[in-house]
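below is the sequence, then the predicted model.
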Amino acid sequence: MNEPKEQKNYASLRGSKAFGQDKNKISLRVNKKDFAAWIMALPEDNAGCVKMIVAPRITPSDANSFTLFEDTFKPDMNKMRREVAPKVEPKPEDDDSKIPF
């Protein structure tokens, strides 16, 4: 079945672009007050952390090549493997005291 597309919680970026020799760095420009309010509204985990994703935009512009949104992924406990790996007995080490000569 087609599941409904999840509504993403985007941060309001004022600008984003890749830079550097290999374009392996990302620069984000945000409004400080808007960004702080957005961060504070995100749910935190037991350690007080929030999860975010930086991803390329589907329709990049000159001003914004990337997007920033809340990471809401939670593993499906029903689909997770519940088997415990069998215990592997270690092989006995060679013992020089048992040499027959």
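Thanks, I have the structure now.

report the contact partners of residue 76.
Applying Cβ atoms under 8 Å, 6 or more residues apart in numbering, we find residue 76 in contact with no residue. Using the backbone N, CA and C atoms, a C-beta is placed for each residue, glycine as well.

helix, strand or coil for it?
Assigned with DSSP: H, G, I helix; E, B strand; the rest coil, residue 76 falls in the coil class.

what score does it have for pLDDT?
pLDDT for residue 76: 77.

how much space separates it from residue 43?
According to Cβ to Cβ, to the nearest Å, residue 76 stands 19 Å off from residue 43.

and residue 54, by the same measure?
According to Cβ to Cβ, residue 54 and residue 43 sit 19 Å apart.

tell me which of the two has more neighbours.
Ranked by neighbour count (other Cβ atoms under 10 Å), residue 54 and residue 43 place residue 54 first, with 13 against 9.

the helix or strand harbouring that one: what's the following helix or strand?
If you go by DSSP states H and E, residue 54 is part of strand 52-56. Using DSSP H and E, the helix or strand that follows strand 52-56 towards the C-terminus is strand 66-70.

and that following strand, C-alpha only, in CSV?
Extracted C-alpha coordinates of strand 66-70, given in CSV (Å, rounded to 0.1, in the frame of the first residue of the first chain):
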residue,chain,number,x,y,z
PHE,A,66,20.4,22.4,0.7
THR,A,67,17.6,22.0,3.2
LEU,A,68,17.6,21.3,6.9
PHE,A,69,14.8,19.3,8.6
GLU,A,70,14.0,17.3,11.7
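
quick one: the strands in this structure?
Taking DSSP state E, the strands of the chain run over residues 13-19, 25-30, 52-56, 66-70.

looking at those, which is nearest to residue 7?
When these are compared by Cβ to Cβ, strand 66-70 sits nearest residue 7, at 10.1 Å.

relative to strand 25-30, how tilted is the closest one?
Relative orientation of strand 66-70 versus strand 25-30 (axes from the mean of the first three to the mean of the last three Cα atoms, to 10 degrees): 70 degrees.
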